[in-house]
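**Student:** have a look; sequence and predicted model below, questions after that.
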Amino acid sequence: NMFDGATVNDVLVTLLTLVLKAYFVEVGDKAGLTKKVRAQFPINTRSRGEEPFRAGNPHNKFGFGFMRFHVGYKGTPIQLLWKTKRTLDKIKHSPSPLVQTKVGDLISPFMPLKMLNDTTLTLAAKATAQMSNVPGPQVPVYIAGTKIDDMRFLINSPLSFYVGLLTYNGALSASFCIDSALADPELVAKHWLPEFEKFYKAASAEAKLHDGLISRPRGCFDCL
(Lines give C-alpha, C1' and ligand atoms only; values in the text may rest on other atoms or scores of the structure.)
Protein backbone atom coordinates (compact mmCIF):
# COMPACT_ATOMS: atom_id res chain seq x y z
CA ASN A 1 0.00 0.00 0.00
CA MET A 2 1.51 3.31 -1.09
CA PHE A 3 -0.99 5.43 0.88
CA ASP A 4 -0.52 5.89 4.61
CA GLY A 5 -3.67 4.73 6.41
CA ALA A 6 -5.72 4.13 3.26
CA THR A 7 -7.59 0.87 2.73
CA VAL A 8 -8.14 -1.19 -0.40
CA ASN A 9 -11.75 0.00 -0.34
CA ASP A 10 -10.59 3.65 -0.40
CA VAL A 11 -8.57 2.93 -3.54
CA LEU A 12 -11.36 0.97 -5.25
CA VAL A 13 -13.95 3.68 -4.69
CA THR A 14 -11.49 6.27 -5.97
CA LEU A 15 -10.96 4.20 -9.11
CA LEU A 16 -14.70 3.83 -9.59
CA THR A 17 -15.05 7.62 -9.29
CA LEU A 18 -12.39 8.10 -11.98
CA VAL A 19 -14.17 5.57 -14.22
CA LEU A 20 -17.50 7.40 -13.90
CA LYS A 21 -15.81 10.74 -14.56
CA ALA A 22 -14.12 9.38 -17.70
CA TYR A 23 -17.46 8.02 -18.92
CA PHE A 24 -19.29 11.32 -18.33
CA VAL A 25 -16.53 13.21 -20.15
CA GLU A 26 -16.61 10.81 -23.11
CA VAL A 27 -20.38 10.99 -23.63
CA GLY A 28 -20.51 14.72 -22.90
CA ASP A 29 -22.79 14.39 -19.88
CA LYS A 30 -22.27 17.74 -18.15
CA ALA A 31 -25.05 17.03 -15.65
CA GLY A 32 -23.22 13.92 -14.46
CA LEU A 33 -20.13 16.03 -13.74
CA THR A 34 -21.99 18.75 -11.87
CA LYS A 35 -24.90 17.03 -10.10
CA LYS A 36 -24.65 14.70 -7.13
CA VAL A 37 -23.98 11.08 -8.07
CA ARG A 38 -24.55 8.95 -4.99
CA ALA A 39 -24.15 5.26 -4.29
CA GLN A 40 -25.93 3.09 -1.78
CA PHE A 41 -24.01 0.20 -0.28
CA PRO A 42 -24.62 -2.36 2.48
CA ILE A 43 -22.77 -2.05 5.80
CA ASN A 44 -22.45 -5.08 8.03
CA THR A 45 -24.09 -4.51 11.42
CA ARG A 46 -23.49 -7.93 12.94
CA SER A 47 -21.67 -7.79 16.25
CA ARG A 48 -18.22 -9.36 16.40
CA GLY A 49 -19.59 -12.33 18.31
CA GLU A 50 -22.29 -13.18 15.76
CA GLU A 51 -21.61 -15.92 13.25
CA PRO A 52 -22.16 -15.22 9.52
CA PHE A 53 -24.13 -18.50 9.22
CA ARG A 54 -26.98 -19.92 11.27
CA ALA A 55 -27.97 -23.56 10.79
CA GLY A 56 -26.05 -23.54 7.52
CA ASN A 57 -27.89 -20.49 6.18
CA PRO A 58 -26.40 -17.01 5.63
CA HIS A 59 -27.19 -14.60 8.45
CA ASN A 60 -27.12 -11.21 6.78
CA LYS A 61 -27.59 -8.20 9.00
CA PHE A 62 -26.86 -4.81 7.51
CA GLY A 63 -27.86 -1.19 7.14
CA PHE A 64 -27.26 1.09 4.19
CA GLY A 65 -24.63 3.74 3.72
CA PHE A 66 -24.81 6.53 1.17
CA MET A 67 -21.78 8.17 -0.35
CA ARG A 68 -21.20 10.75 -3.04
CA PHE A 69 -18.86 10.10 -5.94
CA HIS A 70 -16.73 13.23 -6.36
CA VAL A 71 -16.84 13.01 -10.16
CA GLY A 72 -16.63 16.79 -10.55
CA TYR A 73 -13.51 17.11 -8.41
CA LYS A 74 -10.75 18.95 -10.29
CA GLY A 75 -7.75 17.88 -8.20
CA THR A 76 -5.19 15.19 -8.98
CA PRO A 77 -6.03 11.47 -8.61
CA ILE A 78 -3.96 11.42 -5.41
CA GLN A 79 -5.92 14.33 -3.96
CA LEU A 80 -9.14 12.60 -5.03
CA LEU A 81 -8.15 9.51 -3.05
CA TRP A 82 -7.73 11.49 0.16
CA LYS A 83 -11.03 13.30 -0.44
CA THR A 84 -12.75 9.95 -1.04
CA LYS A 85 -11.15 8.49 2.10
CA ARG A 86 -12.46 11.37 4.21
CA THR A 87 -15.96 10.74 2.84
CA LEU A 88 -15.78 7.01 3.58
CA ASP A 89 -14.33 7.58 7.06
CA LYS A 90 -17.31 9.78 7.95
CA ILE A 91 -19.66 6.98 6.90
CA LYS A 92 -17.73 4.40 8.92
CA HIS A 93 -18.16 6.47 12.09
CA SER A 94 -21.82 7.26 11.47
CA PRO A 95 -24.44 5.57 13.70
CA SER A 96 -26.94 5.62 10.83
CA PRO A 97 -26.60 1.95 9.66
CA LEU A 98 -27.01 0.63 13.22
CA VAL A 99 -30.01 2.93 13.84
CA GLN A 100 -31.57 1.71 10.57
CA THR A 101 -31.20 -1.90 11.69
CA LYS A 102 -32.63 -1.31 15.16
CA VAL A 103 -35.59 0.76 13.90
CA GLY A 104 -36.27 -1.79 11.16
CA ASP A 105 -36.27 -4.66 13.65
CA LEU A 106 -38.69 -2.69 15.84
CA ILE A 107 -41.31 -1.60 13.29
CA SER A 108 -41.09 -4.15 10.44
CA PRO A 109 -43.16 -6.84 12.29
CA PHE A 110 -46.08 -4.37 12.43
CA MET A 111 -45.89 -3.20 8.79
CA PRO A 112 -47.88 -4.79 5.94
CA LEU A 113 -45.62 -6.50 3.42
CA LYS A 114 -46.48 -4.03 0.64
CA MET A 115 -45.67 -1.06 2.86
CA LEU A 116 -42.40 -2.68 3.91
CA ASN A 117 -41.43 -3.27 0.26
CA ASP A 118 -42.39 0.29 -0.71
CA THR A 119 -40.32 1.69 2.16
CA THR A 120 -37.30 -0.35 1.09
CA LEU A 121 -37.59 0.80 -2.53
CA THR A 122 -38.02 4.43 -1.43
CA LEU A 123 -34.81 4.16 0.59
CA ALA A 124 -33.01 2.65 -2.40
CA ALA A 125 -34.24 5.44 -4.70
CA LYS A 126 -32.26 8.02 -2.69
CA ALA A 127 -29.12 6.93 -4.59
CA THR A 128 -28.05 6.87 -8.23
CA ALA A 129 -26.34 3.51 -8.00
CA GLN A 130 -25.86 0.53 -5.73
CA MET A 131 -22.41 -0.83 -4.97
CA SER A 132 -20.95 -3.86 -3.18
CA ASN A 133 -17.34 -4.65 -2.34
CA VAL A 134 -16.96 -8.31 -1.44
CA PRO A 135 -13.71 -9.96 -0.28
CA GLY A 136 -13.55 -13.42 -1.83
CA PRO A 137 -11.12 -16.29 -1.11
CA GLN A 138 -7.52 -15.14 -1.42
CA VAL A 139 -6.33 -18.64 -2.41
CA PRO A 140 -7.50 -20.72 -5.39
CA VAL A 141 -10.70 -22.70 -4.83
CA TYR A 142 -11.94 -25.75 -6.70
CA ILE A 143 -15.31 -27.19 -7.70
CA ALA A 144 -15.35 -30.92 -8.50
CA GLY A 145 -11.58 -30.82 -8.87
CA THR A 146 -11.64 -27.94 -11.33
CA LYS A 147 -9.85 -24.74 -10.40
CA ILE A 148 -11.87 -21.53 -10.54
CA ASP A 149 -9.91 -18.96 -12.53
CA ASP A 150 -12.18 -15.96 -12.05
CA MET A 151 -15.07 -14.81 -9.86
CA ARG A 152 -17.66 -12.11 -10.45
CA PHE A 153 -20.20 -10.63 -8.08
CA LEU A 154 -23.63 -9.27 -9.04
CA ILE A 155 -27.00 -9.08 -7.29
CA ASN A 156 -30.54 -8.18 -8.27
CA SER A 157 -30.65 -4.48 -7.50
CA PRO A 158 -33.74 -2.25 -7.29
CA LEU A 159 -31.70 0.46 -9.01
CA SER A 160 -30.81 0.64 -12.68
CA PHE A 161 -27.06 0.93 -12.02
CA TYR A 162 -25.13 -1.64 -9.98
CA VAL A 163 -21.39 -2.18 -9.49
CA GLY A 164 -20.02 -5.33 -7.88
CA LEU A 165 -16.37 -5.35 -6.76
CA LEU A 166 -14.81 -8.67 -5.74
CA THR A 167 -11.27 -9.73 -4.88
CA TYR A 168 -10.25 -13.35 -5.48
CA ASN A 169 -6.84 -15.00 -5.38
CA GLY A 170 -5.00 -11.69 -5.55
CA ALA A 171 -7.07 -10.36 -8.46
CA LEU A 172 -9.89 -7.83 -8.63
CA SER A 173 -13.02 -7.94 -10.77
CA ALA A 174 -15.38 -5.03 -11.35
CA SER A 175 -18.80 -5.99 -12.73
CA PHE A 176 -21.22 -3.40 -14.09
CA CYS A 177 -24.95 -4.02 -14.43
CA ILE A 178 -26.76 -1.06 -16.02
CA ASP A 179 -30.22 -0.62 -17.49
CA SER A 180 -29.78 -0.46 -21.27
CA ALA A 181 -32.07 2.57 -21.35
CA LEU A 182 -29.60 4.40 -19.10
CA ALA A 183 -26.20 3.53 -20.60
CA ASP A 184 -24.22 0.78 -22.29
CA PRO A 185 -22.34 -1.11 -19.54
CA GLU A 186 -19.39 -1.68 -21.88
CA LEU A 187 -18.97 2.06 -22.38
CA VAL A 188 -18.52 2.42 -18.62
CA ALA A 189 -16.53 -0.75 -17.94
CA LYS A 190 -13.97 -0.07 -20.69
CA HIS A 191 -12.56 2.83 -18.65
CA TRP A 192 -11.62 0.62 -15.67
CA LEU A 193 -8.21 -0.61 -16.89
CA PRO A 194 -7.03 2.72 -18.42
CA GLU A 195 -8.01 4.63 -15.27
CA PHE A 196 -6.31 2.03 -13.06
CA GLU A 197 -3.10 2.30 -15.07
CA LYS A 198 -3.13 6.12 -14.91
CA PHE A 199 -3.85 6.07 -11.18
CA TYR A 200 -1.10 3.52 -10.50
CA LYS A 201 1.41 5.56 -12.53
CA ALA A 202 0.50 8.73 -10.63
CA ALA A 203 0.67 6.95 -7.27
CA SER A 204 4.04 5.35 -8.06
CA ALA A 205 5.53 8.68 -9.08
CA GLU A 206 4.21 10.37 -5.93
CA ALA A 207 5.45 7.51 -3.71
CA LYS A 208 9.00 7.91 -5.04
CA LEU A 209 8.98 11.46 -3.72
CA HIS A 210 7.98 10.27 -0.24
CA ASP A 211 10.24 7.23 0.31
CA GLY A 212 7.56 4.82 -0.90
CA LEU A 213 4.72 5.95 1.37
CA ILE A 214 2.39 8.86 0.58
CA SER A 215 1.41 10.58 3.82
CA ARG A 216 -2.16 11.59 4.53
CA PRO A 217 -2.71 15.35 4.34
CA ARG A 218 -3.16 16.91 7.74
CA GLY A 219 -6.59 18.25 8.55
CA CYS A 220 -7.76 20.99 10.90
CA PHE A 221 -8.55 18.43 13.63
CA ASP A 222 -5.11 16.76 13.58
CA CYS A 223 -3.69 19.42 15.84
CA LEU A 224 -6.28 18.86 18.59
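**Tutor:** It's in.
**Student:** where does pLDDT dip in this structure?
**Tutor:** Along the chain, the model assigns pLDDT under 70 to residues 52, 56-59, 218-224.
**Student:** the longest helix seen in it: which residues count as buried?
**Tutor:** Counting by DSSP state H, the longest helix found in the chain is helix 8-27. For helix 8-27, burial by neighbour count (16 or more other CB atoms under 10 Å) applies to 9-24. For every residue, glycine as well, the C-beta is placed using N, CA and C.
**Student:** could you do stretch 132-150 as well?
**Tutor:** Those would be 132-133, 136, for stretch 132-150 by 16+ other CB under 10 Å.
**Student:** and which of those is nearest to Thr76?
**Tutor:** Closest to Thr76 out of the buried residues of stretch 132-150 is Asn133 (23.6 Å), distances taken as CB to CB.
**Student:** helix, strand or coil: sort out the closest one for me.
**Tutor:** When classified by DSSP: H, G, I helix; E, B strand; the rest coil, Asn133 comes out as strand.
**Student:** so who does it touch?
**Tutor:** Contact analysis of Asn133 by CB atoms under 8 Å, 6 or more residues apart in numbering lists 9, 12-13, 41, 165-166.
**Student:** quick revisit: include distance to Pro97 when you put the buried residues of stretch 132-150 into TSV, please.
**Tutor:** Listed next are these as TSV, based on distance: CB to CB, whole Å:
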residue	distance to Pro97
Ser132	14
Asn133	15
Gly136	23
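**Student:** between the residues you listed, which is nearest Asp211?
**Tutor:** Asn133 (29.5 Å).
**Student:** can you pick out the most distant pair from the buried residues of helix 8-27?
**Tutor:** Asn9 and Phe24 (22.6 Å).
**Student:** for this structure, what spans make up the helices?
**Tutor:** According to DSSP H, the helices that the chain contains are 8-27, 30-34, 77-92, 96-107, 113-124, 185-189, 192-208.
**Student:** nice, that's everything, thank you.
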